[in-house]
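1. Need a 3D model of the following:
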Amino acid sequence: MFLLLLLLSHVMTIYGQEDHVIPKNLPSSWDYRNHGPVHPSIHQAGCPSCSWVSGTIVLEARMARVSEVYRPYSIQGLMNCLERVCIGGTTYTAWAHVRRNMYMAHRDHQPYVKKECGGVCLCGSVNDTHPNMMEDQFAFVGPSVIPKTFEEKLEALLEGPLAATIYRGRHAVTILGWTENRAWISQESLGPKFGNFKDGTERIRFNSTNGLAIAKNGRYPAIFYDYNRANAFFKTESSKVRTISGDGGEISVGLAKNRCARMGVKCRGVITEGNTTKLVEEFAASQLSDDQRMRRYDDESGTDEPVSTEPDDSDRDEKAEETVIRNPFSSEVYSFQRKTQLVFYLKHDHSGRWIGIKFRKGIPFNTKTVRDKINASPFFFSEGRFISYHYPDYQLYHNLLVPLSHTTTGEEVWELKECNLHSPHSGKSWVETVSKPRGILSSAPTNTSDHSQMFDIKLNGAWKLYKSGSDDLQPVAYDNRHSLFIITEISNTRYLEGILRWNARQLVFVTTGQVIDSEFGLSEDLFSFGVKEMEMVPRSCLLKGPTRWLGTKAYLNKMVVKKREGTERWTFEYGEL
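-> You can find the predicted model right below:
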């Protein structure tokens, strides 16, 4: 009788009551390999590395989709950097490591050797031995996400593979999709010829023991586009990543979009021509004049409408931003995607004047103050630098416009001191209420002269928020209830220091992927582009360059820099061009 019950229990586990059915609003079958690049299956051999294999494959594919730039990652390099070569682990440990370091070596630079590397296991980010494949990818890694329901698991697979564990958590696999016969497509780490399909994959029925485990623990790393680097967006997105051969091997068409995003007014959009994407300025350059290159051609009527190169503040949300253009010298049809740049204007609090640009022999040279915003100069952020939108080959260095450096040394990066962080949606600002052993963070009506509303912030990458005037640099942290606070004393309370990142004018809490909301708590959802209610504005800030502070001589309409700590405050105002 006992054996019969045990057998029945086993049968119910395999054919159990969780009879997963593919929802009608989703494809009857899905294989992500048909929609984006996927790292080929490898043979882990006697090296216990299945978690690092699956973690790398899932991260690689999802980074490629969001950034639209495919780069093959090195599994061996990841193990080296983790100092866990052929030692088991978890996929989310791998993703957390990459989230902190944002480094992956190229697959061919550090090939998988199926064994302990012996001697010194070099980590490229530490030993500076291999280029960083994430450098060209305008994206960053957020938290590990486990979709709650079966349907959410399937929906997640539309955006990239999942990592899952089977055999009671003892083995990690990569889930690429599902079949019409209600089975997972699972890529193993047993070589490219493994399985009945001889492609490194097997099929795992939804309601089998391993299938139910996948439905329960399948996960992926949240990947966010890095607007801190690009500060621009396109209203339409590519449906998949397409790769072409280039000097550096396989590259994605998305590189053109990323380049365009950082070019200010010099690039108004990109054109997809076959399997390649070009900047508008490069399109048919040998055949078209400058005026023709900036024209939008109507496919049906054959008429053309000039695309203005002048700044345009009009609201484009009402129109579709993808159209069809036709080269008048050929019959081919091309897809055009228009770029919108996120810009800001700097306003001097005391005088109410704005920053403009002065010229010497027609070249941007210095800054000045102007009375009206219409005459002010828009800038955009990129890796902590202030770059001129109209003259994107120049950046603000102290009070001068200097040629833009294509490598950031830190000397061009601006910091914001004693800054008020303001939410236009709620009309409130971040404030600290002092208590022991922590200072509670909350919202209060904006008072730019209140020192409890002043914080030191950065603009570049991931950074820690500090309370202004703190001698011991107390960072913002959060506890297991996701309460935000300033550390004022060492205590036994468990907490994590908060790592923040500007992204499309929102403050993202990188560890959890959530956003600081308009009431200055953590949002329920992960970061999403274009949520106006979540935007934060730096107000009444001291602007600090590498060695000096930005100030004015308003009565002379001049900009100056000061060696001593600044007292003049600036407010950012946002715009879109």
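
2. Quick one: mean pLDDT for stretch 77-85?
-> Stretch 77-85 carries an average pLDDT of 92.

3. what do you get for stretch 190-204?
-> Mean pLDDT, stretch 190-204: 93.

4. got the contact list for it?
-> Residues from elsewhere that reach stretch 190-204 (Cβ atoms under 8 Å, 6 or more residues apart in numbering): 40-44, 166, 176, 179, 181, 183-188, 210-211, 214. C-beta: built from backbone N, CA, C; applies to glycine.

5. what packs against the helix or strand hosting N420?
-> Taking DSSP states H and E as the criterion, N420 maps to strand 415-423. Contacts defined by 3 or more Cβ pairs under 8 Å, 6 or more residues apart in numbering; DSSP states H and E place strand 415-423 against strand 428-433, strand 455-458, strand 537-539, strand 542-544.

6. V413 is in contact with G384, isn't it?
-> Yes: here V413 lies in contact with G384, judged by Cβ atoms under 8 Å, at a distance of 3.6 Å.

7. Mind listing the shared neighbours of the two?
-> In contact with both V413 and G384: K458, L459, N460, using Cβ under 8 Å, 6+ apart.

8. Longest strand in this structure, please.
-> Within the chain, and with DSSP state E defining each element, the longest strand by residue count is strand 333-348.

9. Pull out the buried residues from it.
-> Under the neighbour-count criterion of 16 or more other Cβ atoms under 10 Å, strand 333-348 has 334, 336-348 buried.

10. Centre of the chain to that strand, how far?
-> 18 Å (Cα atoms, centre = their mean, to the nearest Å).

11. can you give me the helices in the stretch 351-500 of the chain?
-> Ranges of helices in the stretch 351-500 of the chain, per DSSP state H, counting those that start in this stretch: none exist.

12. shaky segments in it?
-> Residue ranges of the stretch 351-500 of the chain with pLDDT under 70: 406-410, 434-439, 469-498.

13. If we use 80, what do you get?
-> Within the stretch 351-500 of the chain, the segments meeting pLDDT under 80 span 405-412, 432-442, 464-499.

14. Need the nearest residue in space to G200, chain neighbours excluded.
-> Excluding its sequence neighbours, the residue lying closest to G200 (Cβ to Cβ, 6 or more residues apart in numbering) is S41, at 2.7 Å.

15. wait, what's in contact with the one you found?
-> Contacts of S41 by Cβ under 8 Å, 6+ apart are Q187, E188, S189, L190, G191, P192, F194, D199, G200, T201.

16. which of these sit farthest apart?
-> S189 and D199 (13.5 Å; Cβ to Cβ).

17. From G427, how far off is C541?
-> Counting by Cβ to Cβ, to the nearest Å, the gap between C541 and G427 amounts to 18 Å.

18. coming back round to it: between the helices and strands packed on strand 415-423, which one is closest to L26.
-> strand 537-539 (40.1 Å).

19. Sheet partners, orientation included, of that closest one?
-> strand 415-423 (antiparallel) (DSSP bridges).

20. Distance from the strand it pairs with to the middle of the chain?
-> 22 Å.

21. sorry, back to before: for the helices and strands packed on strand 415-423, give me CSV that also has distance to V370 and mean neighbour count.
-> Supplementary listing: these in CSV, determined by distance: least, Cβ to Cβ, whole Å; neighbours: other Cβ atoms under 10 Å:
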stretch, distance to V370, mean neighbour count
strand 428-433, 28, 22
strand 455-458, 26, 22
strand 537-539, 20, 20
strand 542-544, 17, 20
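
22. what number of residues lie near the nearest residue to L404 once chain neighbours are set aside?
-> Nearest non-adjacent residue to L404, counting by Cβ to Cβ, 6+ apart: Q395, 4.9 Å away. Neighbours of Q395 under the rule other Cβ atoms under 10 Å: 21.

23. Can you tell me who Q395 pairs with across the strands?
-> The partner residues for Q395, given DSSP bridges, come to I387, V402.

24. residues in contact with the closest residue in space to E533 that isn't next to it in sequence?
-> Among residues not flanking E533 along the chain, H425 sits closest, at 4.4 Å (Cβ to Cβ, 6+ apart). Counting by Cβ under 8 Å, 6+ apart, H425 touches S518, K532, E533, M534, E535.

25. separation between the last one and T91?
-> Put plainly, it is E535. When E535 is compared with T91 (using Cβ to Cβ), they lie 33 Å apart.

26. Those two: which has the busier surroundings?
-> Ranked by neighbour count (other Cβ under 10 Å), E535 and T91 place T91 first, with 27 against 18.

27. Test my guess that that one contacts V58.
-> Yes: the criterion here is Cβ under 8 Å, and T91 meets it with V58 at 6.9 Å.

28. between these two, what contacts are shared?
-> By Cβ under 8 Å, 6+ apart, T91 and V58 have these common neighbours: A163.

29. Just the pLDDT at T149, thanks.
-> 95.

30. Number of residues surrounding it?
-> Neighbour tally, T149, other Cβ under 10 Å: 9.

31. I374 now?
-> 7.

32. Would you reformat the contacts of S41 as JSON lines and include distance to W570 and neighbour count?
-> JSON lines is the format used below for the contacts of S41 (distance: Cβ to Cβ, whole Å; neighbours: other Cβ atoms under 10 Å):
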{"residue": "Q187", "distance to W570": "52", "neighbour count": "29"}
{"residue": "E188", "distance to W570": "56", "neighbour count": "21"}
{"residue": "S189", "distance to W570": "54", "neighbour count": "25"}
{"residue": "L190", "distance to W570": "59", "neighbour count": "18"}
{"residue": "G191", "distance to W570": "59", "neighbour count": "15"}
{"residue": "P192", "distance to W570": "57", "neighbour count": "14"}
{"residue": "F194", "distance to W570": "60", "neighbour count": "17"}
{"residue": "D199", "distance to W570": "58", "neighbour count": "15"}
{"residue": "G200", "distance to W570": "56", "neighbour count": "22"}
{"residue": "T201", "distance to W570": "56", "neighbour count": "25"}
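
33. Out of those, which comes closest to K24?
-> Among those, T201 lies closest to K24 (Cβ to Cβ), at 25.6 Å.

34. What are the phi and psi values at that closest one?
-> T201 adopts backbone torsions of phi -120, psi 160, taken as degrees, to the nearest 10.

35. residues contacting the nearest residue to A139 once chain neighbours are set aside?
-> Setting aside the residues directly before and after it, A139 is nearest to S67 in space (Cβ to Cβ, 6+ apart), at 4.1 Å. Contact partners of S67, counting by Cβ under 8 Å, 6+ apart, are D136, Q137, F138, A139, I223, Y225, D226, S252, G254, N258.

36. Do you know the pLDDT at S67?
-> 90.

37. More neighbours: which of C541 and G427?
-> Between C541 and G427, counted using other Cβ under 10 Å, C541 has the larger neighbour count: 27 against 11.

38. wait, isn't that one in contact with L550?
-> No: with contact defined as Cβ under 8 Å, C541 does not reach L550; the gap is 9.8 Å.

39. Can you check which residues contact both of these two?
-> With Cβ under 8 Å, 6+ apart, C541 and L550 have common neighbours W570.

40. Report how many residues lie close to G362.
-> 6.

41. Which residues lie in contact with the closest residue to R505 other than its chain neighbours in this structure?
-> Nearest residue to R505, sequence neighbours excluded (Cβ to Cβ, 6+ apart): E535, at 4.5 Å. Contacts for E535 (Cβ under 8 Å, 6+ apart) come out as S423, P424, H425, R505, Q506, Y574.

42. One more pass at 10 Å, please.
-> Neighbour list for E535: H422, S423, P424, H425, A504, R505, Q506, L507, V515, S518, Y574 [criterion: Cβ atoms under 10 Å, 6 or more residues apart in numbering].

43. of these, closest to L157?
-> Nearest member of those to L157, counting by Cβ to Cβ, is V515, at 25.2 Å.

44. ok, now how distant is the nearest residue to E568 once chain neighbours are set aside from H350?
-> Nearest non-adjacent residue to E568, counting by Cβ to Cβ, 6+ apart: G551, 4.4 Å away. In this structure, G551 lies at 10 Å from H350, with Cβ to Cβ as the measure.

45. Return every residue with contacts to both of these two.
-> Joint contacts of G551 and H350 (Cβ under 10 Å, 6+ apart) are T567, E568, R569, W570.
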